[in-house]
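Trainee: Structure, please.
(2 chains)
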Amino acid sequence: DQQVKQNSPSLSVQEGRISILNCDYTNSMFDYFLWYKKYPAEGPTFLISISSIKDKNEDGRFTVFLNKSAKHLSLHIVPSQPGDSAVYFCAATISNFGNEKLTFGTGTRLTIIP
Amino acid sequence: GAVVSQHPSRVICKSGTSVKIECRSLDFQATTMFWYRQFPKQSLMLMATSNEGSKATYEQGVEKDKFLINHASLTLSTLTVTSAHPEDSSFYICSAQPTNYGYTFGSGTRLTVV
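Mentor: Numbers count the residues shown, from 1 in each chain, chains lettered A, B, ... in the order given. From the prediction side, this is the model:
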């Protein structure tokens, strides 16, 4: 049972344009969401997160949008840069103020075309 | 920032032997650490939650006798893959929570069993 889904395994975007990565979840108990970037043979690197009490969080070129009614979140990267080429995972958790387990999506491979 | 150091980064072992992977929190105490496994083109799957001074909590389907976890101190958790077989070849990643909502990942260990 995949509780967090990223239905696009890959995405190619022209440099300078906007990259939009999508994520859907099924567990309505999830109340905190995170995006990670991962290069091959490395651990994931945290990008940005959002609490369920918000619908948008912005950090530089990265913006995460949350639509709770649709159980959908998206990561926008603008402008896209070649260094953004990586696999992006969304993750969700249930706030427990300690020892929360992350449930990851399957990842989307983003390729930025120069 | 909080750093989790994972060693080795890469290991090749013979079938039937055991391999130990270490995960250390360098500048914070981690009462809980998480061990993940990533198969090619698949998501990061949580294997177990490692608790300092007590038994690890394993996810469904993970063989606790095969994947031994020891969390003997607040800064060190180890995962030992016992009697490794080629199907255990994978990318293993640990993580810890230095803050309530901050997850830091190790750099991962590529295990190849030949």
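Trainee: in its sheet, what does the strand or helix carrying A:Leu110 sit against?
Mentor: In the assignment (DSSP states H and E), A:Leu110 maps to strand A:108-113. Neighbouring strands of strand A:108-113 in its sheet, by DSSP bridges, are strand A:10-14 (parallel), strand A:86-93 (antiparallel).
Trainee: hmm, who's touching the longest one?
Mentor: The set of residues that contact strand A:86-93 without belonging to it, under C-beta atoms under 8 Å, 6 or more residues apart in numbering or on different chains, is A:3-4, A:6, A:21, A:23, A:25, A:27, A:30-39, A:44, A:47, A:73, A:75, A:100-110, B:43-44. In short, each C-beta sits where N, CA and C put it, glycine included.
Trainee: What's the first helix or strand after it?
Mentor: Going down the chain from strand A:86-93, the next helix or strand is strand A:103-104, by DSSP H and E.
Trainee: Which neighbours in the sheet does that following strand have, and how are they oriented?
Mentor: When pairing is defined by DSSP bridges, strand A:103-104 lines up against strand A:86-93 (antiparallel).
Trainee: In CSV, list the C-alpha atoms belonging to the strand it pairs with.
Mentor: Presented in CSV, the C-alpha positions along strand A:86-93 are these (Å, rounded to 0.1, in the frame of the first residue of the first chain):
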residue,chain,number,x,y,z
ALA,A,86,18.4,14.9,-9.4
VAL,A,87,15.8,12.5,-8.0
TYR,A,88,13.2,14.3,-5.9
PHE,A,89,11.3,12.5,-3.1
CYS,A,90,8.3,13.8,-1.3
ALA,A,91,7.8,12.4,2.2
ALA,A,92,5.0,12.6,4.8
THR,A,93,4.8,12.1,8.5
